[in-house]
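Peer 1: let's see this in three dimensions:
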Amino acid sequence: MLNEQQLSFWKTFGYLVFRDVFPKDEIDHIRHEMDKVMEEERGGEPFTGDKTQTVLWFVERSSYLSRLAEDDRIYNKIEQILGPGFIWCLSDGNYYVGDTQWHGGSGDPQVIKHIKVSIYPDPVTRDTGSLRVIPGSHIPEYQQRIVSLKDQYEDPSKRPFGVAGAEVPAVALDSKPGDMVFFSEDLWHSSFGGRAGRRMFTLIYYGNLDSDEKREYIRQYQKETKAMFHPHDNFVKSERPRIRDMVKAYEEL
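Peer 2: Next up is the predicted model:
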């Protein structure tokens, strides 16, 4: 469970890091299952390292990995932050190639609170592809001051603040196998210097749909995307209570 200091840190800075959550044997199994899902998506072909491979509905495809979505070590913390009745959005698995430039919120207030959980099966540091964040940039007023970084995302040669993306002041969330990171997708974040094929997957949760505004927000999002807020059949038809509870709101939508 999260203590008051952790909850305050989340609200203020927009992220949390948890160390040694998963033991080595579990990480080995997670790594094996991840590689299996990614290889199946490639039709058995080897990963060439020419471009990033992303698989949507990632943990949903594996009976072993899907249990992470409801794992007490994750689920209970999500419920503390988002409150009861939160919903499942999506998961994705990635073999990354190249840098990921800065991106985050646009400066508009959040309609629904959300959390992205990132797990790295390989060690990553500041210079080898770890997640970098600008603390507090999940707050709209701060986002409005740095939103010009989006120009750099589209063209890394641009210098809205006179520095390259890798030189923007930030905190690097170095991670080793067994750790996990919680962060808001509105928090401005990036990654630089990682090797081709570095592994990372995410689990995405949103708060409960307890207002017409929130339900309409999800409906509009569903129209614009093919995966987000479109639960996989394996979750819709799941017999596990927590999984079913996280997707039952979509039946009403």
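
Peer 1: just the strands in the stretch 151-253 of the chain please.
Peer 2: 171-173, 180-183, 189-191, 198-206 (DSSP state E, counting those that start in this stretch).

Peer 1: how far away from the center of its chain is the longest one?
Peer 2: Computed by C-alpha atoms, centre = their mean, to the nearest Å, the chain-centroid distance of strand 198-206 equals 4 Å.

Peer 1: how about residues contacting it?
Peer 2: The contact list for strand 198-206, computed with C-beta atoms under 8 Å, 6 or more residues apart in numbering, reads 31, 34, 58-59, 65, 68-69, 74, 78, 82, 86-96, 112-122, 124, 128-129, 185, 218, 228, 246. For glycine as for every other residue, the C-beta is placed from the backbone atoms N, C-alpha and C.

Peer 1: ok so, going back, possible to save the strands of the stretch 151-253 of the chain as TSV with mean neighbour count, mean pLDDT and distance to E252?
Peer 2: Shown next, in TSV, are those (neighbours: other C-beta atoms under 10 Å; pLDDT from 0 to 100; distance: least, C-beta to C-beta, whole Å):
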stretch	mean neighbour count	mean pLDDT	distance to E252
strand 171-173	18	98	36
strand 180-183	22	98	27
strand 189-191	24	97	32
strand 198-206	22	98	15
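
Peer 1: in CSV, list the ones you listed along with distance to K158.
Peer 2: CSV is the format used below for these (distance: least, C-beta to C-beta, whole Å):
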stretch, distance to K158
strand 171-173, 22
strand 180-183, 24
strand 189-191, 14
strand 198-206, 25
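
Peer 1: follow-up on the earlier one: give me the buried entries from the contacts of strand 198-206.
Peer 2: 34, 58-59, 65, 68-69, 74, 78, 82, 86-96, 112-122, 124, 128-129, 185, 218, 246 (16 or more other C-beta atoms under 10 Å).

Peer 1: by how many degrees do whichever helix or strand E26 is part of and strand 198-206 diverge?
Peer 2: Per DSSP states H and E, E26 falls inside helix 24-41. With axes from the mean of the first three to the mean of the last three C-alpha atoms, to 10 degrees applied, the angle from helix 24-41 to strand 198-206 works out at 90 degrees.

Peer 1: all set, thanks.
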